[in-house]
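Participant: Would you be able to build a 3D model of this:
(4 chains)
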Protein chains: 2
Amino acid sequence: MGVAGHGSIPSSIPSPELLEEFSQFFRLLSEPARLQLLCHLRQGSADVASLIEATGFSQSHISRQLSQLQRAGLVTCDRDGVRLIYRADTELVEELCHLVQTRMKQRLQQQLDQLQAV
Amino acid sequence: MGVAGHGSIPSSIPSPELLEEFSQFFRLLSEPARLQLLCHLRQGSADVASLIEATGFSQSHISRQLSQLQRAGLVTCDRDGVRLIYRADTELVEELCHLVQTRMKQRLQQQLDQLQAV
DNA sequence: GGCTGCTATGACCATACACGCATACAACGT
DNA sequence: ACGTTGTATGCGTGTATGGTCATAGCAGCC
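Facilitator: Numbering: from 1, shown residues only, chains lettered A, B, ... in the order given. Predicted coordinates:
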């Protein structure tokens, strides 16, 4: 799964290590708070205070989530005096969400079609 | 994020409900056991007994994971006498994993480049 | 150096969920 | 109807993690 690239020859089972990498990445995106932070940072870089204002999460919570996102390479930060300015590269996550959303729409449409065929 | 489609005009923050849908979907994929089951079913439909043999997970565990995947529309099953034959449609998950894997490779390559630039 | 503002992190608690054991449920054959 | 096989589900346990409060650590100013 996800080994051979899109549309090319299917290959064997991915290694446990690779599956673990995948699961960890998806786990990162499974938490709404982190998705929300990425949404806000997508619009422009921000410091923690403005993320607190934008999301309502506590300072410590935000700091921890950002730390996780940073470790995974989804956000980076620079210092501006006492402030840390966080910046996200959301391209991958946007694409993932787009694919998921498209699929959800398709499923809903199928269900709708089935109901209307009754 | 993931609202406007790939490459088109960025739009505003997705609704909390949509974010929740995304997080739930990613949570589904965050569990290695479920990824592993999808890997096996990608290769062909299977009953629980053969999935037990292939993965080493217990019968009850597999049954539960399949139940979750089924509820999300990622697997379906048909009865063959006392047996249930499960089948997965892994196209979306394969694509997601491919994107994640590509990104991981890019990151590793960057880190390697940086080390070699020292 | 002391003080202030900003952020990271220690410690703790509550909750979700993975996972196993036991058993209920479904299907089939006799 | 009974017994067997295959699978779903109740129940309980252990662990990870979300989230808060308190405080340590960082940066800047006087």
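Participant: mind checking the SS state of A:Phe57?
Facilitator: coil (DSSP: H, G, I helix; E, B strand; the rest coil).
Participant: Next one, pLDDT for it please.
Facilitator: You'll see A:Phe57 listed with a pLDDT of 96.
Participant: now the angle from the lengthiest helix in chain A to helix B:91-117?
Facilitator: Counting by DSSP state H, the longest helix found in chain A is helix A:91-117. Orientation check (axes from the mean of the first three to the mean of the last three CA atoms, to 10 degrees): helix A:91-117 against helix B:91-117 gives 180 degrees.
Participant: which other helices and strands contact helix A:91-117?
Facilitator: Other helices and strands packing on helix A:91-117, by 3 or more CB pairs under 8 Å, 6 or more residues apart in numbering or on different chains; DSSP states H and E, are helix A:32-42, helix B:16-28, helix B:91-117. In this view, the C-beta of every residue, glycine as well, is placed from N, C-alpha and C.
Participant: Using a markdown table, lay out these together with mean neighbour count.
Facilitator: Listed next are those as a markdown table, based on neighbours: other CB atoms under 10 Å in any protein chain shown:
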| stretch | mean neighbour count |
| --- | --- |
| helix A:32-42 | 21 |
| helix B:16-28 | 18 |
| helix B:91-117 | 15 |
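Participant: quick one, which of those is nearest to A:Glu17?
Facilitator: helix B:91-117 (11.3 Å; CB to CB).
Participant: Is it correct that A:Glu95 is in contact with B:Leu99?
Facilitator: Yes - if you go by CB atoms under 8 Å, A:Glu95 and B:Leu99 touch, sitting 5.9 Å apart.
Participant: Tell me who's in contact with A:Ser30.
Facilitator: A:Ser30 makes contact with B:Ser23, B:Gln24, B:Phe26, B:Arg27, B:Ser30, according to CB atoms under 8 Å, 6 or more residues apart in numbering or on different chains.
Participant: Out of the helices and strands packed on helix A:91-117, which gets nearest to B:Ser60?
Facilitator: It's helix B:16-28; of the helices and strands packed on helix A:91-117, that one is closest to B:Ser60 (CB to CB) at 18.6 Å.
Participant: Can you name the residues of chain A that neighbour DNA strand D?
Facilitator: Selection of chain A residues close to DNA strand D by CB under 7 Å from any atom of the strand yields A:27, A:31, A:33, A:57-61, A:64, A:68, A:79, A:81-82.
Participant: Show me which pair in the residues you listed is furthest apart.
Facilitator: So, these by CB to CB: farthest apart are A:Arg27 and A:Gly81, at 34.0 Å.
Participant: Any regions of chain A where pLDDT drops low?
Facilitator: Along chain A, the parts satisfying pLDDT under 70 run over A:1-12.
Participant: Tell me which residues of stretch A:62-75 come out buried.
Facilitator: Residues of stretch A:62-75 classed as buried by neighbour count (16 or more other CB atoms under 10 Å in any protein chain shown): A:Ile62, A:Gln65, A:Leu66, A:Leu69, A:Ala72, A:Leu74, A:Val75.
Participant: What's the local residue count around A:Cys77?
Facilitator: Residues within reach of A:Cys77, counting by other CB atoms under 10 Å in any protein chain shown, total 19.
Participant: Chain B versus A:Ala117, what's the distance?
Facilitator: Distance, A:Ala117 to chain B, using CB to the nearest CB, to the nearest Å: 18 Å.
Participant: Sorry, wrong one. I was asking about A:Leu38.
Facilitator: The spacing between A:Leu38 and chain B, counted by CB to the nearest CB, is 6 Å.
Participant: Pretty sure A:Ile85 sits in a strand.
Facilitator: Yes - the assignment for A:Ile85 is a strand, going by three-state DSSP.
Participant: Contact residues of chain A facing DNA strand C?
Facilitator: Contact residues (CB under 7 Å from any atom of the strand) of chain A with DNA strand C: A:47-49, A:59-60, A:62-64, A:66-67, A:77, A:82-84.
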